[in-house]
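S.K.: Sequence plus predicted model, see below.
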Amino acid sequence: MACSHCKGTGADGGTAYETCSTCKGSGVVTRVMNTILGHMQTQSTCPACNGEGRSVTRKCSHCSGEGIVREEEVIAINIPAGVAEGMQLSMSGKGNAARHGGINGDLLVLVEEEQHPELFRDDNDVVYNLLLSVSTAALGGNVIVPTIDGKVKVTIEPGTQPGKVLRLKNKGLPSVNRYGTGDLLINISVYIPEKLSDSERSTLAKLENSPNFQPGKSVKEKIFNHFRKMFD
Ligand SMILES: [Zn+2]
Ligand SMILES: [Zn+2]
C-alpha cells in the first residue's frame with residue numbers, strides 16, 4: 001500500500017524533495033555523441049532520479065523512502081450474476097501500490113465454482129436430474145424441483161418417458177454479459193424398484209400381460225428416434 005506518512009512519495013512529510021539537478025526535472029537526459037555520421041543525440045531515462053524528475057532530500061522514515069508499506073487490506077467485491085469457473089474479475093487500483101506515488105496495480109480475482117449438490121451447470125443453463133417413481137411416470141402428478149432461486153412445482157404428464165427433458169424458460173443463470181438468461185433443464189429418469197415385497201411382485205406380475213404395459217411398434221419408434229437424437 002502507499003505509505004500514508006509521505007502519501008506514497010517516499011519523501012519526508014510528502015514534501016521533502018527537490019527538482020532533480022541532473023535532468024532539471026524532465027526525467028530524461030540527452031547525450032550528444034560525435035560519430036562519423038555527425039552529431040547523434042540519444043535520450044535516456046535520467047539515472048539520478050530514475051526518470052521521476054525529482055529527488056528526495058529527506059527520506060520518509062516510515063517507509064525508508066520507498067513510498068510503499070507492506071500491509072493487507074480487506075475489501076468487499078461485487079460478484080456479477082452469472083460468473084463462471086475460471087473467469088477473472090479485475091479490481092482496478094486494488095493491487096500493489098506503485099512506488100513513489102505511481103499508479104497502483106489491479107487486484108485480479110479468479111472465480112472458482114462450488115458444486116451444487118443437486119444442480120449442475122451447462123453454460124447458462126442449469127440441469128436437474130428428476131428421478132420419478134414408475135407410478136408417477138405412468139399416472140402423472142406434481143413434483144417439486146429445486147431451482148437456483150427456490151423450489152418450483154412441475155406437472156408430470158401421465159405416460160412421461162425416461163430421457164424426456166422439460167425446459168423451464170429463464171430459470172437458469174443470467175448471462176454475465178446480460179444477454180438473456182439460461183433455462184432449467186429437467187432430465188426425467190424413472191426409478192425401477194430394486195426390491196419388491198410379495199404383494200408388489202404379484203401386482204406387477206398381473207400387469208406384465210396387460211397390453212398397455214408392452215411397448216408397441218409406434219412407441220418403440222418414438223423412443224428410438226429420441227435416443228438417436230442424443231447422439232447427433
Ligand atoms: Zn513514507
Ligand atoms: Zn533526473
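M.R.: Done, it's in. Ligands and ions are numbered 1, 2, ... in the order given.
S.K.: Please name the spatially closest residue to K169 (chain neighbours excluded).
M.R.: Using C-beta to C-beta, 6 or more residues apart in numbering and skipping the chain neighbours, the partner closest in space to K169 is D183 (5.5 Å). No exception for glycine: its C-beta is placed from N, CA and C like everyone else's.
S.K.: Ends of stretch 93-104, what's the gap?
M.R.: Using C-alpha to C-alpha, to the nearest Å, the span of stretch 93-104 from its first residue to its last is 5 Å.
S.K.: Identify the residues contacting it?
M.R.: 1-2, 7-10, 52, 66-68, 73, 75, 105-108 (C-beta atoms under 8 Å, 6 or more residues apart in numbering).
S.K.: which residues does the residue nearest to K169 contact?
M.R.: D183 makes contact with D125, V126, R167, L168, K169, N170, K171, G172 under the criterion C-beta under 8 Å, 6+ apart.
S.K.: Keep the contacts of stretch 93-104, but drop any that are not near ligand 1.
M.R.: Among the contacts of stretch 93-104, no residue is within reach of ligand 1 (C-beta under 5 Å from the ion).
S.K.: Regarding the chain, what is its longest helix?
M.R.: Scanning the chain for the longest helix, with DSSP state H as the assignment, gives helix 217-229.
S.K.: follow-up on the earlier one: would you mind giving the contacts of D183 as JSON lines with secondary structure added?
M.R.: As requested, these are exported to JSON lines (DSSP: H, G, I helix; E, B strand; the rest coil):
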{"residue": "D125", "secondary structure": "strand"}
{"residue": "V126", "secondary structure": "strand"}
{"residue": "R167", "secondary structure": "strand"}
{"residue": "L168", "secondary structure": "strand"}
{"residue": "K169", "secondary structure": "coil"}
{"residue": "N170", "secondary structure": "coil"}
{"residue": "K171", "secondary structure": "coil"}
{"residue": "G172", "secondary structure": "coil"}
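S.K.: Drop the exposed ones from those and show what's left.
M.R.: D125, V126, L168, K171, G172 (16 or more other C-beta atoms under 10 Å).
S.K.: from those, which is closest to E157?
M.R.: L168 (14.9 Å; C-beta to C-beta).
S.K.: For ligand 2, see how far away the residue nearest the centre of the chain is.
M.R.: The centre of the chain sits closest to A84, judged by C-alpha atoms, centre = their mean, with a distance of 2.9 Å. Computed as C-beta to the ion, to the nearest Å, the A84 to ligand 2 distance reads 48 Å.
S.K.: same thing with G180?
M.R.: 56 Å.
S.K.: for N96, same thing?
M.R.: 25 Å.
S.K.: Span of stretch 164-174 from start to end?
M.R.: For stretch 164-174, the end-to-end distance is 24 Å (C-alpha to C-alpha).
S.K.: actually stretch 34-52, not the one I typed
M.R.: For stretch 34-52, the end-to-end distance is 28 Å (C-alpha to C-alpha).
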